[in-house]
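Participant: for reference, the sequence and a predicted model appear below.
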Amino acid sequence: MAGVSLDEFLNRCKESGDAAYGALRSLLERLEDPVTRSDARIFLSDLYKRIGSSESCLQTYHFHIQDIFLDQYEGFQARKKLTMMVIPSIFIPEDWSFTFYEGLNRHPDTIFKDKTIAELGCGNGWISIAIAAKWLPSKVYGLDINPRAVKISWINLYLNALDDNGQPVYDDEKKTLLDRVEFYESDLLGYCKDNKIQLERIVGCIPQILNPNPEAMSKMIEENASEEFLHSLSNYCALQGFVEDQFGLGLIARAVEEGISVIKPAGIMIFNMGGRPGQGVCRRLFERRGVRVTQMWQTKILQAADTDISALVEIERSSPHRFEFFMGLSGDQPICARTAWAYGKAGGRISHALSVYSCQLRQPNQVKIIFDFLKNGFQEISSSLDLSFEDEAVADEKIPFLAYLASVLKESSYFPFEPPAGSKRFCSLIAGFMRTYHRIPINQDNKSNEESDDQITVIESPHQSDLMIELIKKLKPQVVVTGMAQFEVITSSSFLHLLQVTKEIGCRLFLDISDHFELSSLPASNGVLKYLAENQLPSHAAIICGLVKNKVYSDLEVAFVISEVDGISKALSKTVEVLEGHTAIISQYYYGCLFHELLAFQLADRHAPAERESEKTKSEEIIGFSSSAVSVLKDAELSVTEVDDTSVIHMDVDQSFLPIPKSVKAAIFESFVRQNISEAEVDVNPSITQFVWSNYGFPTKSSTGFVYADGSQALFNKLVICCAQEGGTLCLPAGTNGKYVAAAKFLKANVVSIPTESSDGFKLTETTLKKALESVKKPWVCISGPTVSPTGLVYSNEEMDILLSTCAKFGAKVIIDTSFSGLEYSSTTWDLKSSLSKLDSSFSVSLLGCLSLNMLSGAVKLGFLVLDRSLVDAFHTLPGLSKPHSTVKYAAKKMLALKEEKASDFLDAVSETIKTLEGRSKRLKEVLENSGWEVIEPAAGISMVAKPKAYLNKTVKLKAGDNKQEVELTDSNMRDVFLSHTGVCLNSGSWTGIPGYCRFTFALEDTEFDKAVESIAQFKSVLG
């Protein structure tokens, strides 16, 4: 070898392990050079002949060459043996790797043929070379973190790819092992990830760390490191950051997760695992990551005498878990680590199971999306991940949804604006399901604008159709809300009879089919839907369908209404916005995912639209919406959703579109990932108690009531009903959030507007409040604070003290609405306890709030009401309230903990959000003032008010196609004119309750805000 004799080579190797490795590395350099390769291989043959396979060679020359016989195994290539070299600093083949190879042989021969494979922890490379020799894969990447192991593996590759004469050994496909195998230094699958190599098979004989050492991996891994350190790498001594670390399985857990990122959808991962943690723990490692696992082979091996299992003994002492060992190789009853440790100390030999597991991803594309999301800054919640399911139907629902939620949270920095009554995508998916599975072409072109007197009679009928019809005929009600019995919904006859009877007497029918609606590719027969496939739904009828039958989240619900009268659909949509505020976005995501899965494999428009019979006879005069309700909905300035142009900029909604911090996204995702969440984990009462105390100094007692909803709007409306039932008067300051005012009027409450002055920033003062309360009976006063919506001003502690004292003097009940607070630009500290302690204990104060703006959670909201004890009984006698899903409570509890524990990333995100909002308020103020607006500068929150002083009562010129038209600007048309000219939707003075003052919200996405500012600046061109 380049003038070096065998004796010289061996003498050099005798010196030390490092010297031997240096000599072998020089030999590898000659093997890599095509010119010297043949001679170098002949030198290896001569070397093997000289020293033989004696194990003493390892002590003498610091390397060892041995044969591994494979002749008992048959494959595509019947190679009898492999000749392999080892050195002290790498893992020497033993029972672990031989058992692993036996497990690989349990698979059919086709499993590796023509596949791209990676072996993790390849050691001296014998398994990678054996796989290539037996199964003729396309490529095998042997990977090891030990740089010396990689060099020795290359030597072994040349040792087996060339014969003793230095000539290539070709297989049946005229390839050598050099064409099929490569070795690289890599921490697990790092090489494949970095080089974007997609694998079809991943195999790994990965050790378990019985006593992880956090310092072991802190050093840089260098080729010239000590032999002892390099050998320790075969046991990967460091903690891996996984819950499985406690069982010594952290490295395998990381290997599985890295494997998920590079394995092809139909790929297979095969791992060797010691059974010491117990078979259940081993299987769960895979299953909770969405992997189907099959045990291919199991045997027992003796526990190495130098392995210390005392760490496992300590785990057993502090937990109920028991590890699994056996007494000798013949013992069949497992013993725990404590018993095994004592038995070993007494001279006994202990063993443990060794298993080979074959693993395949269930729903691989979706599982990959989930893990891709987790590795991008959400690794801390991976311990909560649980994708193990006994029921495949549950897996089919949950995994696609988690993948969709992960993609939304990863790709979007915020939740986009959606119409309060339901997103267009969700409605489109429902319509698609109805068309595809029930042949119902839902038609929304019909118009209806019925009105009636305010007094109506409503009955709820029993479900049995003959009893229903009897009641309807006798009582002749104006509205019937009912369901149907299971046996009657199978055919259309009962439904048809019900339609005919209600039509004859002019009765409006709302039929609830929630219990009979199935989200399935093979839905059961449904007579109502069958009727709709063949006939138009009569104008007097509407179908209510609650989506409640999911297999994963029992209390996750959302409902939709089918009506072929456009006026009814629009009126109900507006009513939802007034009474509920919004439809929970996550519920729409979940059921939208189910609809999508049922539609995704279908060919679009494969069936022609059904020919349906239209309504033959006109109904009797049907009751419509009350005139007062129609009037309120018309004037309420609700969200603009009818505009097809998606470029509308919404400065009229109480939602933040600023980035959601990772810690909040993590809380949202974890709430859906977890299984078996305990009651304590969704009990938000303690967290809300602490929150209102820490932020507002609001005291609670054992008699205090806690009520929750998907937002504060629904809770406010229940309070309005309580006020009305008591015969009270709801007192709202001029400058109150317009949705609250509209809701109070819709619910026919006795509402009094308390005048406010611009000089006071349209805040309540002692004088204005006292004057208003002098003439009001049973007053209920609603105060928005600390941050006032919509002005963005702030009530100080002293101002609240005065207002509460004034209310107490007049015996008023007080509702403090904190829903828009938590984003004050300068520190604002409330101490309501101090104020309330001075007042009579019978003074009634309730605190309303919403975790959204203050938690930076966007469209994910939890409304809460801390209810004064005097109202608890009355409140709970009211009709049902839509309760927030348990996942929302779980996420809210997590977010509140971030705030209470002062988590740095969360507090930094809040500070950054406040800084952004303050900067935007100043920029928007400047633009508005330069454009002729009079601005009330905000001190907090996401909104401000401004008066279009240069425009009001002026005639402006607007474009109408190719022509221009002149319009006089007033409060009543300001919103429409501004929207048509700028594409920006605001709220006018009719909404703010302050004549002339419009409301702008500015928590928009960056580019949207820039567009809005530019459009506002251009509005002055309407003056000509």
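Facilitator: Yep, it's here. Quantities reported herein were computed from a predicted structural model and do not represent experimental measurements.

Participant: wait, what's in contact with residue 333?
Facilitator: Counting by Cβ atoms under 8 Å, 6 or more residues apart in numbering, residue 333 touches 326, 327. Just so you know, the C-beta spots here come from the backbone N, C-alpha and C atoms, and that holds for glycine as well.

Participant: confirm it sits in a strand?
Facilitator: No - secondary structure of residue 333 (DSSP: H, G, I helix; E, B strand; the rest coil): coil, not part of a strand.

Participant: what distance do you get for it to residue 324?
Facilitator: 10 Å (Cβ to Cβ, to the nearest Å).

Participant: got phi/psi on residue 747?
Facilitator: With angles defined as degrees, to the nearest 10, residue 747 sits at phi -90, psi 10.

Participant: just give the number of residues close to it.
Facilitator: Residue 747 has 19 neighbouring residues, counting by other Cβ atoms under 10 Å.

Participant: excluding chain neighbours, give the residue nearest to it in space.
Facilitator: Leaving aside its sequence neighbours, residue 747 sits nearest to residue 720 (Cβ to Cβ, 6 or more residues apart in numbering; 5.1 Å).

Participant: select the longest helix from the protein.
Facilitator: The residue-count maximum for a helix in the chain (DSSP state H) belongs to helix 904-930.

Participant: need the mean per-residue confidence for it.
Facilitator: The average pLDDT within helix 904-930 is 95.

Participant: what residues sit buried inside that helix?
Facilitator: 906, 909-910, 913-914, 916-918, 920-921, 924-925, 927-928 (16 or more other Cβ atoms under 10 Å).

Participant: now distance to residue 884 too, for those, in a markdown table please.
Facilitator: As requested, the buried residues of helix 904-930 are exported to a markdown table (distance: Cβ to Cβ, whole Å):
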| residue | distance to residue 884 |
| --- | --- |
| 906 | 21 |
| 909 | 23 |
| 910 | 22 |
| 913 | 23 |
| 914 | 26 |
| 916 | 28 |
| 917 | 26 |
| 918 | 31 |
| 920 | 30 |
| 921 | 31 |
| 924 | 33 |
| 925 | 36 |
| 927 | 38 |
| 928 | 37 |
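
Participant: sheet partners, orientation included, of the strand or helix carrying residue 300?
Facilitator: Using DSSP states H and E, residue 300 sits within strand 291-302. Applying DSSP bridges, strand 291-302 is found paired with strand 350-361 (antiparallel).

Participant: I'd like the distance from the partner strand to the chain centre, please.
Facilitator: 32 Å (Cα atoms, centre = their mean, to the nearest Å).

Participant: same check, this time on stretch 778-791
Facilitator: 34 Å.

Participant: pLDDT averaged over stretch 824-831, what's the number?
Facilitator: Regarding stretch 824-831, the rounded mean pLDDT is 88.

Participant: next one: phi and psi at the residue nearest to residue 747?
Facilitator: phi -60, psi -40.

Participant: burial check on it, number of neighbours?
Facilitator: Applying other Cβ under 10 Å, we find 24 residues neighbouring residue 720.

Participant: give me the distance between it and residue 817.
Facilitator: To residue 817, residue 720 is 12 Å away according to Cβ to Cβ.

Participant: if we can go back for a sec, so the residue nearest to residue 747 touches residue 748, yeah?
Facilitator: No - counting by Cβ atoms under 8 Å, residue 748 is not a contact partner of residue 720; they are 9.3 Å apart.

Participant: from the rest of the structure, what touches stretch 419-429?
Facilitator: For stretch 419-429, contacts defined as Cβ under 8 Å, 6+ apart pick out 418, 560, 572-574, 576-577, 580-583, 585, 588, 591-592, 595-596, 599, 638-639, 641.
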